[in-house]
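Asker: my questions concern the predicted model and sequence given below.
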Amino acid sequence: MGDSVKDKVIEIIAEQAVLEPSDIALDQSLEDLGVDSMGLVEAIFSIEEAFDISVPFNANEPEKSAFDISSVSAVIAAVEKLVAEQTA
Amino acid sequence: MRRVVITGAGSINPLGHSVAATHEAMREGRSGIGDLDIRDVERLSIRIGGQVKDYDADARFNRQQQALFDRFTQFTLIAAEEALAQSGLEFSGQLAAESGVVLGTSGGGLGTLDDNYRVVYEEGKNRVHPFIVPKLMNNAAASHVSMTYNLKGPSFTVATACASSNHAMGQAFWLIRGGAAKVIITGGSESMLCFGGVKAWEGLRVMSKDGCRPFSANRNGMVQGEGAGVFVFEEYEHAKARGAEILAEVVGFSMTSDAADIVMPSQQGAARAIAGALNDAGISAEQVGYINAHGTGTAANDKTECAAVANVFGQHANEVMISSTKSMHGHLIGGTGAVELLACLMALKDGVIAPTINYEEPDPECALDVVPNVAREASVDYVLSNAFAFGGLNAVLALKRAG
């Protein structure tokens, strides 16, 4: 999968941030990119739809979630893990 | 301005099928939340809720009635019957012309919509029952109460999401206080615990999978409930003249709008509504002994609500008792304020403060007396009931002990 997951996740986050995918840096947090709590919930929905996975995320306790959203690269890694589990 | 009193109360909710059963559960700190028993529950990720249990529609309504009464209307009529029986009122002539129905609901006949979307989309049928529209419409419950009891004055339905019932009861209060009505049957009802209803809430990712723990540091979201609460609001002189038992007096109401965010609550909007209700009632914060909190158990609501109370109440915030009975019956959305008003009546009339159950860990951002886990005996003269809706619409009622 490699870049395909990465590119798709970046595309989804870029859409919520109203930016071009090329403007997204991997070390940025979603907050840095201007994605608020509703944008985050929408991004997670888009990720679930795009990869046919279920993302464990509760907006009440994002920090306790098994799904790491601390940066763009963390989100990509978390999605790659879920996709790998899905196909395993 | 005329005074407004409550002369009847009725309810069916996850804690019981009457006011007495509800009060008993609240006194005992009993939970009405459990595993959801609905069609396709295995396709939901949220599988708990506060359902009305041991409910047999066939025992209450005949086939023709059920063809017209969605579950939210059925709950309303059951609660209205209890409330009106307690009030002892019958409506004819001039009194009928000056009496009406103002009820809150958010989803109305959502279960009817869900069932019939299945019929046409999933089962591919091209025909639905002829009464789907009058069954699902949000004003169906108010209209059936009006028809059942011959109430010919102002009647309508209020939909402000989670604040619907409080907004409805506020309108009822104003109609009587201003002289436009003698009696208003008011409160609210909700029945969203169907596959589509829960699925929609799931999407927002604010629901808890394991329980409702308002104000507790380990809270992780709201739990939805269903049911109805209905009250008879009556003009004081009218109630006094006929020797009616007065359960409590409604003395203040305030509504504000955050004008900020469609889902995130605002401390300022909530505080303005709380202060507004005190001001409308002409009382000081120090006179309030109990607040029935909105207390949804979400991270956002609970800390915002506590900050708003602390802001308005100042030093007295440390003294006032504030509890969320949603911990027991769940969030009845458009019907929630009505069922929660029962906790206010219990506080004023019986001197028992309903607890916030499932309270496990203190949260420094919710450092008020939330009456943790166990009901408390206390004599209170004034209470407030808070409701803060999605969309930033806030409604707070102030009630006074009778006599």
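Answerer: All right, it came through fine.
Asker: let me know the distance separating residue B:112 from chain A.
Answerer: In this structure, residue B:112 and chain A are separated by 27 Å, where distance is defined by C-beta to the nearest C-beta, to the nearest Å. Any C-beta I mention is one placed from the backbone N, CA and C, and that applies to glycine too.
Asker: ok so that residue is a strand residue?
Answerer: No. If the criterion is DSSP: H, G, I helix; E, B strand; the rest coil, then residue B:112 is helix and not within a strand.
Asker: number of nearby residues for it?
Answerer: In terms of burial, residue B:112 registers 26 neighbours under the definition other C-beta atoms under 10 Å in any protein chain shown.
Asker: ok, now the one 10 residues further on?
Answerer: Residue B:122 has 8 neighbouring residues, counting by other C-beta under 10 Å.
Asker: got it, and residue A:88?
Answerer: Residue A:88 has 5 neighbouring residues, counting by other C-beta under 10 Å.
Asker: gap between residue B:39 and residue B:50?
Answerer: Applying C-beta to C-beta, to the nearest Å, one obtains 18 Å for the distance of residue B:39 from residue B:50.
Asker: what do you get for residue B:314?
Answerer: Summarising the geometry, the distance separating residue B:314 from residue B:50, computed by C-beta to C-beta, is 34 Å.
Asker: of the two, who's got more company?
Answerer: Between residue B:314 and residue B:50, counted using other C-beta under 10 Å, residue B:50 has the larger neighbour count: 27 against 10.
Asker: for that one, grab phi and psi.
Answerer: When read as degrees, to the nearest 10, the backbone of residue B:50 gives phi -100, psi 90.
Asker: now swap in residue A:72 and tell me
Answerer: Taking degrees, to the nearest 10, you get phi -60, psi -40 for the backbone angles of residue A:72.
Asker: do residue B:172 as well
Answerer: Note on residue B:172: its backbone torsions stand at phi -60, psi -40 [degrees, to the nearest 10].
Asker: list the contacts for it?
Answerer: The neighbourhood of residue B:172, defined by C-beta atoms under 8 Å, 6 or more residues apart in numbering or on different chains, consists of B:4, B:102, B:181, B:184, B:186, B:233.
Asker: one more time with 6 Å, if that's ok
Answerer: For residue B:172, the contacting residues are B:102, B:184, B:186, B:233, taking C-beta atoms under 6 Å, 6 or more residues apart in numbering or on different chains as the criterion.
Asker: top of the residues you listed by neighbour count?
Answerer: Across the contacts of residue B:172, the neighbour count under other C-beta under 10 Å reaches its highest value at residue B:186, namely 33 neighbours.
Asker: which pLDDT value belongs to that one?
Answerer: Residue B:186 is assigned a pLDDT of 99 by the prediction.
Asker: hmm, it is touching residue B:102, no?
Answerer: Yes. If you go by C-beta atoms under 6 Å, residue B:186 and residue B:102 touch, sitting 4.8 Å apart.
Asker: what do those two both touch?
Answerer: Common neighbours of residue B:186 and residue B:102 are listed as B:168, B:172 (criterion: C-beta under 6 Å, 6+ apart).
Asker: quick one: the strands in chain B?
Answerer: Secondary structure of chain B, counting by DSSP state E: strands at B:4-12, B:34-35, B:48-49, B:99-104, B:155-158, B:183-190, B:227-235, B:248-257, B:288-292, B:321-323, B:352-353, B:376-377, B:382-389, B:393-400.
Asker: give the buried residues for the host helix or strand of residue A:50.
Answerer: Here residue A:50 sits within helix A:37-51, counting by DSSP states H and E. Residues A:37, A:39-44, A:46-47, A:51 are the ones in helix A:37-51 that count as buried (16 or more other C-beta atoms under 10 Å in any protein chain shown).
Asker: any chance of those residues in JSON lines, with distance to residue B:331 and pLDDT too?
Answerer: Listed next are these as JSON lines, based on distance: C-beta to C-beta, whole Å; pLDDT from 0 to 100:
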{"residue": "A:37", "distance to residue B:331": "19", "pLDDT": "87"}
{"residue": "A:39", "distance to residue B:331": "25", "pLDDT": "92"}
{"residue": "A:40", "distance to residue B:331": "22", "pLDDT": "92"}
{"residue": "A:41", "distance to residue B:331": "19", "pLDDT": "92"}
{"residue": "A:42", "distance to residue B:331": "23", "pLDDT": "93"}
{"residue": "A:43", "distance to residue B:331": "26", "pLDDT": "94"}
{"residue": "A:44", "distance to residue B:331": "23", "pLDDT": "94"}
{"residue": "A:46", "distance to residue B:331": "27", "pLDDT": "95"}
{"residue": "A:47", "distance to residue B:331": "28", "pLDDT": "96"}
{"residue": "A:51", "distance to residue B:331": "32", "pLDDT": "95"}
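Asker: count the neighbours of residue B:115 for me.
Answerer: By the measure other C-beta under 10 Å, the count of residues near residue B:115 is 20.
Asker: now it, nearest residue through space, not along the chain?
Answerer: Taking C-beta to C-beta, 6 or more residues apart in numbering or on different chains as the measure, residue B:115 lies nearest to residue B:194, with 7.6 Å between them; neighbours along the chain are not counted.
Asker: count of neighbours near that neighbour?
Answerer: Going by other C-beta under 10 Å, the residues that sit close to residue B:194 add up to 22.
Asker: also residue B:319?
Answerer: The local packing of residue B:319 (other C-beta under 10 Å) involves 13 other residues.
Asker: again with residue A:53
Answerer: Neighbour count for residue A:53, taken as other C-beta under 10 Å: 15.
Asker: show me what from chain A comes close to chain B.
Answerer: Applying C-beta under 6 Å from any C-beta of the partner chain, we find that chain A lies next to chain B at A:41, A:57-61.
Asker: what subset of these is buried?
Answerer: Once neighbours are counted (16+ other C-beta under 10 Å), the buried part of these comes down to A:41, A:57-60.
Asker: how would you label the spatially most central residue of chain A: helix, strand or coil?
Answerer: Against the mean C-alpha coordinate of chain A, by C-alpha atoms, centre = their mean, the closest residue is residue A:75 at 4.3 Å. Taken by three-state DSSP, the conformation at residue A:75 corresponds to helix.
Asker: mind checking pLDDT for it?
Answerer: The score at residue A:75 is 95. That number is its pLDDT.
Asker: relative to chain B, how far out is it?
Answerer: With the distance defined as C-beta to the nearest C-beta, residue A:75 ends up 15 Å from chain B.
Asker: how about that residue, what does it touch?
Answerer: Counted by C-beta under 6 Å, 6+ apart, residue A:75 has contacts A:9, A:69.
Asker: do the same with residue B:16
Answerer: Applying C-beta under 6 Å, 6+ apart, the residues near residue B:16 are B:22, B:25.
Asker: beta partners for it?
Answerer: Beta-bridge pairing for residue B:16 (DSSP bridges): residue B:13.
Asker: residue B:76 versus that one, what's the distance?
Answerer: Distance of residue B:16 to residue B:76, computed by C-beta to C-beta: 16 Å.
Asker: also residue B:207?
Answerer: Separation of residue B:207 from residue B:76 (C-beta to C-beta): 25 Å.
Asker: show me the domain layout of chain B.
Answerer: Here the domain assignment for chain B is B:4-241, B:252-400, based on automatic domain parsing.
Asker: tell me the mean pLDDT over the last one?
Answerer: Computed over domain B:252-400, the mean pLDDT rounds to 98.
Asker: can you give me how far it is from the chain middle?
Answerer: Distance of domain B:252-400 from its chain centroid, counting by C-alpha atoms, centre = their mean, to the nearest Å, is 13 Å.
Asker: endpoints of it, how far apart?
Answerer: Chord length of domain B:252-400, first to last residue, is 9 Å (C-alpha to C-alpha, to the nearest Å).
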